[in-house]
Each structure stands twice: as structure tokens, then as C-alpha cells.
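>>> what shape does this take:
(one chain, ligands or ions: 1)
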Amino acid sequence: MIYTCLNPDCRFMFDLPGHVENCPDCGSDQLRPATRAEREEFDRFQEELKLEEQEKKENPDSATHIA
Ligand SMILES: [Zn+2]
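Alright, predicted model coming up:
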């Protein structure tokens with residue numbers, strides 16, 4: 001189940017099985033199930049993370065950011 005934290009300072013979105021009462025990030029109990037649009041955004045974000053991980057593995061040098 002994907003949840004969205006309603007704490008305006010947090011807005012964390014996370015995917016955990018079963019019933020979750022508190023945000024794992026800020027501890028708030030102001031949670032609601034993510035809407036369809038939010039779930040799609042979440043899936044896209046996960047895909048992007050996966051792609052980034054793959055790119056890092058393929059090009060280890062590109063993962064280094066020069067400040
Ligand atoms: Zn939160």
C-alpha cells in the first residue's frame with residue numbers, strides 16, 4: 001500500500017505492506033492512501049531511481065559530483 005504523509009513539512013510517500021499508522025519519516029499519524037495520480041508518480045520515481053542506479057553501475061565515474 002502506498003501512503004502519503006499529510007504533514008506539510010514532510011509530504012513523504014512510501015510503500016509498505018499492511019496498515020501503517022505513522023509516517024516512517026516524521027512519525028506523524030496524518031497519513032492517507034496515495035491517490036491514483038500519486039501512485040503513478042511514485043512508480044515513475046521508483047523507475048527513475050532504478051535507472052540512476054543502473055547508470056552508476058555502468059559508468060561509476062559519472063556518479064561523482066564535483067561541488
Ligand atoms: Zn511524514
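>>> which parts of this structure sit against the ion?
Counting by Cβ under 5 Å from the ion, the chain comes close to the ion at 5, 7, 10, 12, 23, 25-26, 28. C-beta coordinates here come from the backbone N, C-alpha and C atoms, glycine included.
>>> what about the helices in the protein?
36-58 (DSSP state H).
>>> what residue ranges in it score low on pLDDT?
62-67 (pLDDT under 70).
>>> can you list the residues of the chain next to the ion in CSV and add neighbour count?
Putting the residues of the chain next to the ion into CSV (neighbours: other Cβ atoms under 10 Å) gives the following:
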residue, neighbour count
5, 22
7, 16
10, 15
12, 16
23, 21
25, 13
26, 13
28, 15
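>>> what is the nearest of these to residue 48?
Nearest to residue 48 among these, counting by Cβ to Cβ, is residue 12 at 17.0 Å.
>>> OK, contacts around that closest one?
Contacts for residue 12 (Cβ atoms under 8 Å, 6 or more residues apart in numbering) come out as 4-5, 23-26.
>>> and if we set it to 7 Å?
5, 23, 25-26 (Cβ atoms under 7 Å, 6 or more residues apart in numbering).
>>> so which of the residues you listed belong to strands?
Members of the contacts of residue 12 lying in strands (criterion: DSSP state E): residue 5.
>>> between the contacts of residue 12, which is closest to residue 58?
residue 25 (30.5 Å).
>>> how close does the residue nearest to that closest one when sequence neighbours are not counted get to residue 59?
Nearest in space to residue 25, with sequence neighbours left out and distances taken as Cβ to Cβ, 6 or more residues apart in numbering, is residue 12 at 4.0 Å. Residue 12 sits at a distance of 30 Å from residue 59 (criterion: Cβ to Cβ, to the nearest Å).
>>> residue 5 too?
Residue 5 is 34 Å from residue 59, by Cβ to Cβ.
>>> number of nearby residues for residue 29?
11 (other Cβ atoms under 10 Å).
>>> go ahead and confirm it touches residue 22.
Yes - counting by Cβ atoms under 7 Å, residue 29 touches residue 22, with 5.4 Å between them.
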